[in-house]
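[1] next come a sequence and a model predicted from it.
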Amino acid sequence: MPAQRRLSQPTEVQTLAAELRQLRPPAIALFLALDDAPDLPVNARTDPHRARPAALALAAPGLPAVHLLQGPALADLSPFQALLGAHTAPPYVVVHDAHRTLGVLARRGLTPRRVGCTLTAATLLAEGADDRRDDRPLSALVRAELAHDLPGEIDRGLIRSELGVNHQDAAAAAADALLPLMRAYAPRLRERHLVRVFELECELVPAVLDMEATGLAVDAPAFARIVESWRRERLTAEEPARITRLDKLLTTYGNWPRDYVSAGRIRTHLYPLATDSGRFACADPNLQQVPSEHTAPGVRACFVAPHGARLIIADYAQIELRVAAHLAPCPVLRQVFRDRRDPHRTTAAALTRAPESAVTDHQRKLAKAVNFGFLFGMGARRFREYAATSYGLDLDLPAAERAREAFFRAFPGIAAWHRRIGDLSRRGEREDITVQTALGRRKRFPAGAFAFNAALNIPVQGTAAEGFKRAMIDLHRGLAPLGGRGVLCVHDEYLAEVPEDRAEEARQLVTRIMEEAMATIVPSVPIVAEARIATSWAG
DNA sequence: ATGGTAGATAGC
DNA sequence: GAATGCTATCTACCAT
């Protein structure tokens, strides 16, 4: 790394650049946000599904990584300086949607060095993935970095004149950009009360990077045998539905052992800020959609604890119902959880107008479908279909309507919440509507584009995601002394690998950390996490 | 050939 | 008045 522009008194930016150079390579890389770059493939700009500023992640050979944001002019960085300085890791400022762009790059024959994960103040400020207006300007620095790695595509002379410098050292360039860009976002994040979300995401980054780097141990030969059994069955299968299913399994998962397993572990890519809700996106491979035992028996059993270790598999109990009880708010549902009662029995009792003690197993099963289905605004018609496919329950339409009424009768706070969102629906015809999570992450619906169901769901899903991310941060720190580490997260499920002689200790620790972390975000309802010790994901 | 869309299906 | 939501990946199909 050429030392350059070394002054007798290093500037803030130079100090940061020096710190960045100390970091282990996987921690950083360049994320370059692009929006209207003329050389981008068309789909990066026009696909509504990808209607976010396209992000380009480019390899910067030999460099420590830096996450760059495009952004407006300078402002005050102070709230974040303390935050970032407290980390062993660098300031991670990031670009959303980089993972899609990685694919775009790959199709163009470019092989960017993989970056850890993403965080962007701009994403938060843009209030949901559908509108990134605030994110628009293409920074001169982005052009500079493009010129650096894709010579010929952009006029370097233009870059130099724009920047007023001759960048020979991409790391220094990146660092130069970092502080100003963060400065630019800081006051707006403060104004918009997004500092807590931003801090959460900053703290989360090391946990995600380690999880991505660690990967999950996998019994690749066993996986390959299952794939082979699908192939054999496909040859003789006759039932069309079965053929469709087998083809899906074969095409989606069949090449995983070959494409993604190395040294007995499978590594995925996690994107904490790629979704409207604040949940993770996961890709290449998407380990958040590994077939369940129900769908394809044996697959999850291939994801294992290595010799001498155990998996701790933990998830939250009815987390969305609990979060909804908190946010709605619904005193009745809150009380059900406080009394350690079963919300499905409560609904079943409302359905039958009988006491909870008289609820049968079948009634409880129906009530479970009712609770999960109607919570986010499903209609009676759609509920019939849902109950049939997900729970094997056949209902006629009047029965589905009665179930819906019983649900709202059981939980008046939920009913009032739905009515309030319904009112927003009318206003949303002609004005922008914004909904938010507990920490203040926002999703904005432009006038005329309000979505009732999404307005119900996103704050709940997003609040649960915030509690989960809080837990991931604490778990990352809490497991290390035991020699344990997180290996995967699936929305409300956390997998850790721990030494077998400390498995029980770890199990209890994981349970406690998850419950306490979520409770900081969702304080009005008791939170229950359940963790088990296993030798494979199926166990 | 490549880019783009809709629909189905995998997860939560 | 009614309305589950959030994703990734694959296939089939259409357009350039």
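    Alright, I've got the coordinates.
[2] distance of the residue nearest to residue A:257 when sequence neighbours are not counted relative to residue A:204?
    The shortest distance from residue A:257 to any non-neighbouring residue, by Cβ to Cβ, 6 or more residues apart in numbering, is to residue A:220 (4.5 Å). C-betas here are computed from N, CA, C, even on glycine. Using Cβ to Cβ, to the nearest Å, residue A:220 is found at 30 Å from residue A:204.
[3] which one's more surrounded, those two?
    Between residue A:220 and residue A:204, counted using other Cβ atoms under 10 Å, the more crowded position is residue A:204 (23 against 18).
[4] correct me if wrong: that one contacts residue A:474.
    No: Residue A:204 lies out of contact with residue A:474 (Cβ atoms under 8 Å); the separation is 10.5 Å.
[5] let's see the pLDDT reported for the residue nearest to residue A:499 when sequence neighbours are not counted.
    Nearest residue to residue A:499, sequence neighbours excluded (Cβ to Cβ, 6+ apart): residue A:483, at 4.9 Å. With respect to pLDDT, residue A:483 has a value of 96.
[6] for residue A:483, phi and psi?
    Torsion angles at residue A:483 (phi, psi; degrees, to the nearest 10) stand at phi 80, psi 20.
[7] follow-up on the earlier one: can I assume the residue nearest to residue A:257 is in contact with residue A:264?
    Yes: Residue A:220 lies in contact with residue A:264 (Cβ under 8 Å); the separation is 6.9 Å.
[8] where does the closest residue to residue A:521 other than its chain neighbours land in three-state SS?
    Leaving aside its sequence neighbours, residue A:521 sits nearest to residue A:467 (Cβ to Cβ, 6+ apart; 3.9 Å). Following DSSP: H, G, I helix; E, B strand; the rest coil, residue A:467 is assigned to helix.
[9] who in the stretch 151-300 of chain A is up against DNA strand C?
    Within the stretch 151-300 of chain A, the residues that sit near DNA strand C (Cβ under 7 Å from any atom of the strand) are A:247-248, A:251-252, A:271, A:274-277, A:279, A:281-286, A:288-289.
[10] show me those that map onto helices.
    A:247-248, A:251-252 (DSSP state H).
[11] where's residue A:295 relative to residue A:460, distance?
    25 Å.
[12] please identify which of the two sits among more neighbours.
    residue A:460 (26 against 12).
[13] which residues touch stretch A:396-416?
    For stretch A:396-416, contacts defined as Cβ atoms under 8 Å, 6 or more residues apart in numbering pick out A:324-325, A:328-334, A:346-347, A:349-351, A:366, A:370-371, A:374-375, A:379-381, A:383-384, A:387, A:395, A:418.
[14] for residue A:410, which non-adjacent residue is closest in space?
    residue A:350 (3.7 Å).
[15] assumed that neighbour was part of a helix.
    Yes: counting by three-state DSSP, residue A:350 is part of a helix.
[16] what number of residues lie near it?
    What residue A:350 shows, counting by other Cβ under 10 Å, is a neighbour count of 20.
[17] same question for the one 3 residues further on.
    Residue A:353 sits with 8 neighbouring residues when counted by other Cβ under 10 Å.
[18] measure it to residue A:464 for me?
    From residue A:353 to residue A:464 the distance is 32 Å (Cβ to Cβ).
[19] how about stretch A:225-244 and DNA strand B, touching?
    Yes: Stretch A:225-244 comes into contact with DNA strand B (Cβ under 7 Å from any atom of the strand), by way of A:241, A:244.
[20] how about residues contacting that stretch?
    A:246-247, A:249-250, A:253-254, A:257, A:296, A:298-299, A:302.
[21] before we move on, what about stretch A:526-539?
    For stretch A:526-539, using Cβ under 8 Å, 6+ apart, the contacting residues are A:216, A:219, A:290, A:293, A:298, A:300-305, A:310-319, A:322, A:337-338, A:340, A:467, A:495, A:503-504, A:507-508, A:510-511, A:514-515, A:518-519.
[22] can you give me the first-to-last residue distance of stretch A:390-401?
    18 Å (Cα to Cα, to the nearest Å).
[23] tell me how many other residues crowd the closest residue to DNA strand C within chain A.
    Per Cβ to the nearest atom of the strand, residue A:379 is where chain A lies closest to DNA strand C, at 2.0 Å. If you count neighbours by other Cβ under 10 Å, residue A:379 ends up with 13.
[24] list the contacts of the residue nearest to residue A:410.
    Counted by Cβ under 8 Å, 6+ apart, residue A:350 has contacts A:406-407, A:409-410.
[25] buried among these? Make that a ChimeraX selection.
    A single ChimeraX command is used to select the members of these judged buried by 16 or more other Cβ atoms under 10 Å:
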select /A:406,407,410
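[26] pull up the residues of the stretch 201-350 of chain A that are close to DNA strand B.
    A:241, A:244-245, A:248-249, A:252, A:288-292, A:294-296, A:315.
[27] restricted to buried residues, select the residues you listed in PyMOL.
    Those of those that count as buried under 16+ other Cβ under 10 Å are selected in PyMOL with:
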select buried, chain A and resi 245+249+288+290+291+296+315
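[28] in space, what's closest to residue A:451 - neighbours in sequence excluded?
    residue A:445 (6.4 Å).
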